[in-house]
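Enquirer: next input, structure requested:
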Amino acid sequence: MLKDLAKSALIKRSVTKYNKTVNAKSSAYDKWQKAIEKEPVVKADAPVIMETLETGEVVPHKKPEPKVKVIAYSKVWEVSDMKGDENTIYIFASSRGKLTKRAPEVIQQYFIAHPEHNVVYGDEDEMGNGGKYIHPYFKPDWSPDSYLNAFYIGSFFACRSETMHAAATEYDNAVRMLGGVSNKKNSPEQVGLEASLLSADVLFCMLAINERAFAKRTGMELPIGHIREVLFHRSAEQEVFYGRSFHNSRHMLLKPATVSIIIPSKDHPEILQQCLNSIIETTGDENIKYEIVIIDNGSSAANRVKYGVYCSRAPRKNGLTNINYIYKLQEFNFSAMCNQGVRNSTGEYLLFLNDDIEAKKEGWLREMLSQAQLGHVGAVGAKLIYPDTDLIQHAGIANVRRGPVHKLQKMHDGKNHYFGYNRGVHNNIGVTAACLLISRKKYNDIGGFPEELKVAFNDVDFCYSVIEAGYYNVCCNHIFLYHHESLTRGIDNLDPKKMERLGREGDTLMRRHSHLYNFDPFYSPHLTEDETISAIIPKEDYTPVEDIPYSRISVHEKGIKGAREDQCLRIGCEYNGTLDNWLYGVTAEGNDEGYYLKGYSFVIGSDNAIFEKQLLLRLVERHEDGAGPADRKVYGVPFYTWYRPDIRIRLQDQVNVDLTGYKVKIRKGDLEPGYYQIGMLAVDKTSRLKLINWVPNILNVKE
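Expert: Numbers count the residues shown, from 1 in each chain. Take a look at the predicted model:
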């Protein structure tokens, strides 16, 4: 009885301590934001300009700092009549909330530091109970197609006074682009859009038109600035998009068009037939004519006959003009097959499609084509859903720290994710070639798919090249198609050879586009950077990797005494490699910074608050002789606890799994060179139970 009471007290104490840590870590954003607001604003160096004196002498001097004026959204139209406000920064802000105290100075210094930008916006959050800041909206950099679909700019933006006056002439165009009826004699309330939206939204659109922000860029330079800092705290009752949120709108074609649908396929005649039937039955727009080109790289003789029979019998209706079936025995090279399909096609636009795609609703091709016809738009994708579910397979590609990921994969489309990410039209750094549309001219500008990437990342590389050429990629998340890809498919199910090839091609991708390492203009660096986390959420941990201390490694000469190896202790290893690689990418040389490991671990069916964990490493092969160690030496590595709300969401049937993440830094020289298997030790603090488990992941410690 006494023993039970003691154990109960230990459990209560452990859970109390655990909950206190969870509360502290779950408030990390609020603390981080309030700490930022106390920091001094970094002063920018004013650009040097040349001035000609009355004597004719040309002398350099710095332009004086601009004045700053804050104007409410409801009074934006008064600014166009102001005169003599030279060298002034106008900040337009909603009255449903407040700018941070440092916002005016931050914006002022931004304009000083960035003479190339005349318009800028920033991030915002919501004021919660008790003065706590919640729900930060970390916005993308300038995204013209996202803006045309929703007023994602939100609660504030700013511009230079000369830009404001120059943009006043763009009133008609701005109202027309946003769906209103222009009449300069009318007040804003009479123009045809909701007044609360019009006052800010149309003004911003005028500024964007003036800055040629809806045109093709030169390289990566964006025409409108974005300050990646929360500078506005919005009232809880105010909707972030001010009435114009991401929605399922219908778009018109700019002109009639011809499309070539290119489908690589091998030994899947029934699947291909389903795909083609769905295309024919859902594409009936009189302004769209299309052909289908099937590239077969080696089907069996029987399946070749089936392909041929169906292609000849498929009804030529609803705009379908021809089906061209091309057979050539060759190794699988997705890029080469796509490029081969282009050479054997005639359409103005090229739609690359997997044979396991199924269209369900009419109008999907028109919607994609209406985006692809815009001069500034490059590759166009669509939202893909797993069949017989509402689970997302693709809603646009994001480039997180170590490469491209399908954000929101296997998450429910019935839910509105991160400020409408799975709704409406969005600019993304990339879209999947399972369904990718682009004009032939732009395809030729890029040079086609990279044939050195035969299996993986070829579509991502293509999309990165499109972005680098100055176009904007678009994902149409207001439409969807079914993708008959297996729900169980994933990296965890790949065999070692496929994993090795995947890693090799991933490294090739990032070497070809090394400047995009840990950078995506359309995915904020303040959002989670981990490729294993499907949800789009703010970073769970605001402690930089550089600030995590190196672990003090202990040695268990004869292994872990009294520990039971048990599969109920689960371990996930999401990165194990050099710290240089994590921080700087695959082009980083050496491993002078040491090593970095991160992942998660939990005990199934137990209260995880009562366990104390330690990462384990055991040497399985030395570098110098290739032989395994003669002893059972195990290294214990204490770790930094990583708050993982995503694990809690995924494991709702488990107890206290918020703090299941781990991050470990190991100093170079603390481990002898060799290959180390990764494991975990979990000790029940309320009993003598010790659990241990190992995973196949290997840490390669180099000389």
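
Enquirer: what mean pLDDT does the helix or strand harbouring residue 278 get?
Expert: With elements taken from DSSP states H and E, the one containing residue 278 is helix 269-282. Taken as a whole, helix 269-282 has a mean pLDDT of 96.

Enquirer: report all helices and strands that it contacts.
Expert: strand 257-264, strand 288-296, helix 301-313, strand 320-327, strand 357-358, helix 364-372 (3 or more Cβ pairs under 8 Å, 6 or more residues apart in numbering; DSSP states H and E). To be clear about C-beta, it is placed using only N, CA and C from the backbone, and glycine gets the same treatment.

Enquirer: looking at these, which is nearest to residue 697?
Expert: strand 257-264 (33.2 Å; Cβ to Cβ).

Enquirer: got the buried residues for stretch 240-257?
Expert: Buried residues in stretch 240-257, counting neighbours by 16 or more other Cβ atoms under 10 Å, are found at 240, 241, 242, 244, 245, 246, 251, 257.

Enquirer: pick out the lowest-pLDDT one from those residues.
Expert: Within the buried residues of stretch 240-257, lowest confidence goes to residue 251 (90).

Enquirer: tell me who's in contact with that one.
Expert: 366, 367, 370, 371 (Cβ atoms under 8 Å, 6 or more residues apart in numbering).

Enquirer: assign residue 444 to helix, strand or coil.
Expert: Judged by DSSP: H, G, I helix; E, B strand; the rest coil, the three-state class of residue 444 is helix.

Enquirer: could you check the pLDDT of it?
Expert: pLDDT for residue 444: 97.

Enquirer: adjust the sequence numbering to begin at 17 for everything that follows.
Expert: Noted, 17 is the first residue going forward, which turns the last one into residue 460.

Enquirer: gap between it and residue 713?
Expert: Distance, residue 460 to residue 713, using Cβ to Cβ, to the nearest Å: 43 Å.

Enquirer: ok, residues contacting the helix holding residue 294?
Expert: 277, 279, 281, 308, 310, 315, 319, 322-323, 326, 330-331, 333-334, 336, 339, 369-381, 500.

Enquirer: hang on, the earlier thing: what about burial for the contacts of residue 267, which qualify?
Expert: The buried subset of those - by 16+ other Cβ under 10 Å - is 382, 383, 386, 387.

Enquirer: looks like the last one contacts residue 441 (just checking).
Expert: Yes - counting by Cβ atoms under 8 Å, residue 387 does reach residue 441; the two are 6.8 Å apart.

Enquirer: what sits up against stretch 354-363?
Expert: 273-276, 278-280, 306-307, 309, 311, 340, 342, 344, 366, 368, 449, 456, 459, 464-465, 467, 474.

Enquirer: number of nearby residues for the closest residue in space to residue 326 that isn't next to it in sequence?
Expert: Residue nearest to residue 326 in three dimensions, not counting chain neighbours: residue 289, with 5.3 Å by Cβ to Cβ, 6 or more residues apart in numbering. Residue 289 has 18 neighbours, counted by other Cβ atoms under 10 Å.

Enquirer: who's more crowded, residue 460 and residue 713?
Expert: Taking other Cβ under 10 Å, residue 460 and residue 713 do not tie; residue 713 has more neighbours (17 against 12).

Enquirer: residues contacting that one?
Expert: Taking Cβ under 8 Å, 6+ apart as the test, what residue 713 contacts is 589, 592, 693, 694.

Enquirer: and those, which of them are in strands?
Expert: 589, 592, 693, 694 (DSSP state E).

Enquirer: shaky segments in this protein?
Expert: In the predicted model of the chain, residues 17-19, 96-100, 185-192, 194-214, 502-513, 515-516, 605-607, 639-647 satisfy pLDDT under 70.

Enquirer: return the distance of the longest helix belonging to it from the chain's centre.
Expert: Counting residues, the longest helix in the chain under DSSP state H turns out to be helix 18-42. With Cα atoms, centre = their mean, to the nearest Å as the basis, helix 18-42 stands 37 Å off its chain's centre.

Enquirer: buried residues in that helix, which are they?
Expert: In helix 18-42, counting by 16+ other Cβ under 10 Å, buried: 27, 30, 34, 38, 41.

Enquirer: want to try CSV for the residues you listed, with distance to residue 126 as columns?
Expert: Shown next, in CSV, are the buried residues of helix 18-42 (distance: Cβ to Cβ, whole Å):
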residue, distance to residue 126
27, 52
30, 48
34, 42
38, 36
41, 31
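
Enquirer: and which of these is nearest to residue 652?
Expert: Once Cβ to Cβ is applied, the member of the buried residues of helix 18-42 that ends up nearest residue 652 is residue 30, at 20.6 Å.

Enquirer: so who does that closest one touch?
Expert: 625, 626, 701, 702.

Enquirer: and what of residue 548?
Expert: Here residue 548 is in contact with 588, 590 (Cβ under 8 Å, 6+ apart).

Enquirer: hmm, try it at 10 Å
Expert: Shown in contact with residue 548 (Cβ atoms under 10 Å, 6 or more residues apart in numbering): 416, 421, 507, 588, 589, 590, 591, 614, 615, 616, 662.

Enquirer: what of residue 695?
Expert: Taking Cβ under 10 Å, 6+ apart, one finds 576, 579, 581, 585, 587, 589, 617, 630-634, 650, 708-711, 713 in contact with residue 695.

Enquirer: and the gap between it and residue 282?
Expert: 41 Å.

Enquirer: can you tell me how far the residue nearest to the spatial centre of the chain sits from residue 422?
Expert: For the chain, the residue nearest the mean C-alpha position is residue 414 (2.9 Å; Cα atoms, centre = their mean). To residue 422, residue 414 is 8 Å away according to Cβ to Cβ.

Enquirer: between the two, which contacts overlap?
Expert: Common neighbours of residue 414 and residue 422 (Cβ under 10 Å, 6+ apart) are 446, 547.

Enquirer: that older thread, any shared contact partners between residue 387 and residue 441?
Expert: Joint contacts of residue 387 and residue 441 (Cβ under 10 Å, 6+ apart) are 161, 164, 267, 393, 396, 490, 491, 492.

Enquirer: and the gap between the fifth one and residue 387?
Expert: What that stands for is residue 396. 5 Å.

Enquirer: picking that back up, between the buried residues of helix 18-42, which is nearest residue 667?
Expert: residue 38 (14.6 Å).

Enquirer: hang on, the closest one packs against residue 676?
Expert: No - in this structure residue 38 lies outside contact range of residue 676 using Cβ atoms under 10 Å: 11.1 Å.

Enquirer: give me the common contacts of those two.
Expert: 659, 664.

Enquirer: ranges for the strands of the stretch 517-666 of the chain?
Expert: Assigned by DSSP state E, counting those that start in this stretch, the strands in the stretch 517-666 of the chain fall at 570-572, 580-581, 585-594, 611-619, 627-638, 650-653, 656-658.

Enquirer: still on that earlier bit, a markdown table for the helices and strands packed on helix 285-298, including distance to residue 49?
Expert: As requested, the helices and strands packed on helix 285-298 are exported to a markdown table (distance: least, Cβ to Cβ, whole Å):
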| stretch | distance to residue 49 |
| --- | --- |
| strand 273-280 | 47 |
| strand 304-312 | 48 |
| helix 317-329 | 58 |
| strand 336-343 | 55 |
| strand 373-374 | 42 |
| helix 380-388 | 35 |
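
Enquirer: between those, which one is closest to residue 62.
Expert: Short answer: helix 380-388, nearest of these by Cβ to Cβ, at 40.7 Å.

Enquirer: quick check: bridge partners of residue 413?
Expert: residue 422, residue 446 (DSSP bridges).

Enquirer: contact partners for it?
Expert: Contacts of residue 413 (Cβ under 10 Å, 6+ apart): 397, 419-423, 444-448, 475-476, 479-480, 489, 491, 536, 538-539.

Enquirer: could you report the separation of residue 708 from residue 572?
Expert: 11 Å.

Enquirer: what touches both of these two?
Expert: 579, 630, 632, 650, 697.

Enquirer: neighbours of the third one, how many?
Expert: Neighbourhood size, residue 632 [other Cβ under 10 Å]: 23.
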